[in-house]
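# Test case, fold it:
(4 chains)
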Number of protein chains: 2
Amino acid sequence: MGVSINTVSRALRGKRDVSPATKARVLEAARRLGYRPNKLARGLRSTKTWNLGVVVSDIANPFFAAVVKGVENAARTYGYTIILKETDESYEREEEALRVMVAEQVDGLLLTPAQSQRNTVETLLGGDLPFVLLGRYFSDLDAPYVVTDDVRGGFLATEHLLGLGHRNIAHVAGPMHISSARDRWAGFISALRANHLPVRKDRAVMGAVRLEDGHRAAQELLGRRVQPTAIFCYSDLVAFGVMRAVSEAGLRIPEDMAIVGYDDMEFCAHAQVPLTTVRIPKRALGEKAVEMLVSMLRNGGQTGTRSARLPVELVIRESARGVMA
Amino acid sequence: MGVSINTVSRALRGKRDVSPATKARVLEAARRLGYRPNKLARGLRSTKTWNLGVVVSDIANPFFAAVVKGVENAARTYGYTIILKETDESYEREEEALRVMVAEQVDGLLLTPAQSQRNTVETLLGGDLPFVLLGRYFSDLDAPYVVTDDVRGGFLATEHLLGLGHRNIAHVAGPMHISSARDRWAGFISALRANHLPVRKDRAVMGAVRLEDGHRAAQELLGRRVQPTAIFCYSDLVAFGVMRAVSEAGLRIPEDMAIVGYDDMEFCAHAQVPLTTVRIPKRALGEKAVEMLVSMLRNGGQTGTRSARLPVELVIRESARGVMA
DNA sequence: CTGTTAGCGCCTTCAT
DNA sequence: ATGAAGGCGCTAACAG
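Okay, here's the model as predicted:
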């Protein structure tokens, strides 16, 4: 076809300095032959792979699944492809995942840190791989992140219960090393304080993640001397476990016990008792993180450490509404 | 350090023909320097990337999320990393996804075909990229696949309803171009036939995927001259929509209308009325597909076109149990 | 057991 | 507007 290999390269990449005529010929030939440029060779030479690493703890968790969907779609619109790894909240697997991402020469990284240790993120900060933390952050590390405004979420949930007349509110919290759990707890506390109510230690159970954790936590709360009349839960999953325990104890929801969850998963509206919850923009979280990462890549990896805290919204359903007895 | 670059390469890859002494020295030095081999260069040279392409329609769908989790975990144990793409059931995006996977030089591919067209899979069959279809198959194409035994699932669900005394059973089916929808429908039919019951067209609605589709389908069924006393649904998601419509119509579940879903998502046990459903091994589906793909890779891409059909199981809960009136 | 040579496919740089 | 040269980091193939 009488044209050098690198004119082809330029034509394919849409560079200028190629006459429209030859460009058209090259493109046509490429199409006809089903030519696909080799991303490995391209990446090796140009040090730009157009791949983003995505490391989450549990892809089967509906929350992360939605976040990853947002990530994948946003990445695609920017021309990036994603490489996915799971950590299962294990610090070792997180380290391993990051090693793989480095080996893969990804252009940037999205990470939901396990937060049981901080070495990984500190290492990242010391390195030159652009990254954005996804859904979790370290308040004392200067690492860019995108999260939801969970302090406000916890506040809204608690204030709603207070507004219904509850004075005896318990919180089934998440693992306190995770920022979202700490923030929701902080919002809970701050609402109580704003209403001059005491924060009692026997009104809280920590570390709930799975549905079963919620079930166990609620049983514990119901076994205590003074029972709460309302329970704010770390997540919807936990809330479902709590609701089961409450029902098993013969209590009615919301008459005997009001429940508020967190996340607003699709099923909340179809639960045994439709669940009042705090809605968080899951897709948007992923999209925003990609946006931020891409803008960092465009600025040559410079952070400026702008972070984002997306707004949340209280969704009121049967499990906590109306006037209490 | 006095050793050639390629002795280093061999040591790092654990090849023999390296003295234990030098090997130890190399490994130690690599560790100390935090050396990470470049997978692009490695892949370019060896034509083996240790990456698998995974193409699914909707990662936020709990079913696919669970499948992908199985895929990621199995891939990891075999030393592979996954590259993820979504198609949103769009044929164009499926084509694009496959093009990207080829460009990425993945060693193998896992694909949930949109099935609105078959070109992609036919192209794959003509090419030399090893692949396994994930959760869907073409009965008339010799492409390896891993699916669940949905004919049996549909049969079990329907037979259960028949056993409860129902003679007037409707089916809210999925899109008939998708193999799982066709199989569940086939199982439904075959159970009716086995009991010498007629298959009536006005007892079926096709094409339901989302919760809203189920809602609409149930409204339609309830508006017909002869109403069913039981509804078997394509998926749990659809079943939830159906249940909502049934409740809205003032009917009780299961007294006035028995419902059976499909998938057994985590949430089924906690629904308004706990849902009787067909449990499918989602994680195992992903794991099995990886296993099969890896074994193909080991045989130099040879298929032997062994496929797998994983067993399913009926889970009986409130929405369809007991003796009917 | 170890070193040398060559080149995977592409892009960058420098000529022309 | 196009071509030639060189090399990204690594490993296969061959020497020694």
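# domain assignment for chain A?
A:1-36, A:38-147+A:282-309, A:150-280 (automatic domain parsing).
# then stretch A:230-246 to CSV, C-alphas only?
Taking C-alpha atoms only, stretch A:230-246 is exported to CSV below (Å, rounded to 0.1, in the frame of the first residue of the first chain):
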residue,chain,number,x,y,z
ALA,A,230,-35.7,3.3,67.8
ILE,A,231,-32.6,2.0,66.1
PHE,A,232,-30.5,3.7,63.5
CYS,A,233,-28.4,1.3,61.5
TYR,A,234,-25.1,1.5,59.7
SER,A,235,-26.5,0.1,56.5
ASP,A,236,-29.7,-1.3,55.0
LEU,A,237,-28.2,-4.8,55.2
VAL,A,238,-27.7,-4.4,58.9
ALA,A,239,-31.1,-2.9,59.2
PHE,A,240,-32.7,-6.0,57.7
GLY,A,241,-31.0,-8.1,60.3
VAL,A,242,-32.2,-5.7,63.0
MET,A,243,-35.7,-5.9,61.7
ARG,A,244,-35.7,-9.6,61.8
ALA,A,245,-34.6,-9.7,65.4
VAL,A,246,-37.1,-7.1,66.4
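# Mind checking the pLDDT average for that stretch?
Confidence over stretch A:230-246, taken as the mean pLDDT, stands at 96.
# what does stretch A:105-114 give?
97.
# what do you get for stretch A:58-70?
Mean predicted confidence for stretch A:58-70 is 96.
# same check, this time on stretch A:182-191
Mean predicted lDDT for stretch A:182-191 stands at 98.
# What residues does chain A have near DNA strand D?
With CB under 7 Å from any atom of the strand as the criterion, chain A meets DNA strand D at residues A:2-4, A:6-7, A:10, A:16-19, A:21-23, A:41, A:44-45. The C-beta positions use only the backbone N, C-alpha and C, and glycine is treated the same way.
# contacting residues around the spatially most central residue of chain A?
When CA atoms, centre = their mean is applied to chain A, the residue found nearest the centroid is A:Gly135 (3.6 Å). Contact analysis of A:Gly135 by CB atoms under 8 Å, 6 or more residues apart in numbering or on different chains lists A:67, A:112, A:146-148, A:180, A:285.
# could you redo the last one with a cut-off of 7 Å?
A:67, A:112, A:147, A:180, A:285 (CB atoms under 7 Å, 6 or more residues apart in numbering or on different chains).
# Give me the helices and strands touching the helix or strand containing the third one, please.
If you go by DSSP states H and E, A:Val147 is part of strand A:145-148. Counting by 3 or more CB pairs under 7 Å, 6 or more residues apart in numbering or on different chains; DSSP states H and E, the packing neighbours recorded for strand A:145-148 are strand A:131-134, helix A:282-298, strand A:308-310.
# among the ones you listed, which is the most enclosed?
strand A:131-134 (a mean of 26; mean count of other CB atoms under 10 Å in any protein chain shown).
# what's next to that one, contact-wise?
A:67, A:108-113, A:124, A:143-146, A:289, A:292-293.
# out of those residues, who's nearest A:Gly250?
A:Val67 (37.7 Å; CB to CB).
# Spatially nearest residue to the closest one (excluding sequence neighbours)?
The spatial neighbour of A:Val67 that comes closest, neighbours along the chain excluded (CB to CB, 6 or more residues apart in numbering or on different chains), is A:Gly286 at 4.3 Å.
# what do you get for A:Arg184?
Per CB to CB, 6+ apart, closest to A:Arg184 is A:Gly154, 3.9 Å.
# so that neighbour sits right up against A:Ala186, yeah?
Yes: in terms of CB atoms under 7 Å, A:Gly154 counts as a neighbour of A:Ala186; the distance is 6.5 Å.
# Just put the helices and strands packed on strand A:145-148 in CSV and tack on mean pLDDT.
Converted to CSV, these look like this (pLDDT from 0 to 100):
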stretch, mean pLDDT
strand A:131-134, 98
helix A:282-298, 97
strand A:308-310, 97
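# what's the farthest-apart pair in the contacts of strand A:131-134?
Counting by CB to CB, the most remote pair of the contacts of strand A:131-134 is A:Val67 and A:Leu124, 19.1 Å apart.
# Between those two, which is the more surrounded one?
A:Val67 (30 against 20; other CB atoms under 10 Å in any protein chain shown).
# Show me what the helix or strand encompassing that one is packed against.
Assessed by DSSP H and E, A:Val67 sits inside helix A:62-77. Applying 3+ CB pairs under 7 Å, 6+ apart, we find helix A:62-77 packed against strand A:51-56, strand A:81-86, helix A:282-298, helix B:62-77, strand B:81-86.
# export these to TSV and tack on distance to DNA strand C?
Output for the helices and strands packed on helix A:62-77, formatted as TSV (distance: least, CB to the nearest atom of the strand, whole Å):
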stretch	distance to DNA strand C
strand A:51-56	14
strand A:81-86	15
helix A:282-298	14
helix B:62-77	24
strand B:81-86	18
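# Please list all residues in contact with A:Ala30.
For A:Ala30, counting by CB under 7 Å, 6+ apart, the contacting residues are A:Leu12.
# and stretch A:223-230, which residues are buried?
A:228-230 (16 or more other CB atoms under 10 Å in any protein chain shown).
# just the strands in chain A please.
Per DSSP state E, chain A carries strands over the ranges A:51-56, A:81-86, A:108-111, A:131-134, A:145-148, A:169-172, A:204-205, A:230-233, A:258-260, A:277-279, A:308-310, A:313-315.
# Comparing those strands, which comes out most buried?
strand A:230-233 (a mean of 30).
# ok, and what's touching it?
Contacts for strand A:230-233 (CB under 7 Å, 6+ apart): A:157-158, A:161, A:166, A:169-172, A:188, A:214, A:218, A:221, A:239, A:242, A:257-262, A:320.
# what lines up beside it in the sheet?
strand A:169-172 (parallel), strand A:258-260 (parallel) (DSSP bridges).
# now the ones you listed in JSON lines, with mean pLDDT?
Formatted as JSON lines, the strands paired with strand A:230-233 follow (pLDDT from 0 to 100):
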{"stretch": "strand A:169-172", "mean pLDDT": "98"}
{"stretch": "strand A:258-260", "mean pLDDT": "98"}
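# Is it possible to get TSV of the ones you listed that adds distance to A:Glu92?
Converted to TSV, these look like this (distance: least, CB to CB, whole Å):
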stretch	distance to A:Glu92
strand A:169-172	28
strand A:258-260	35
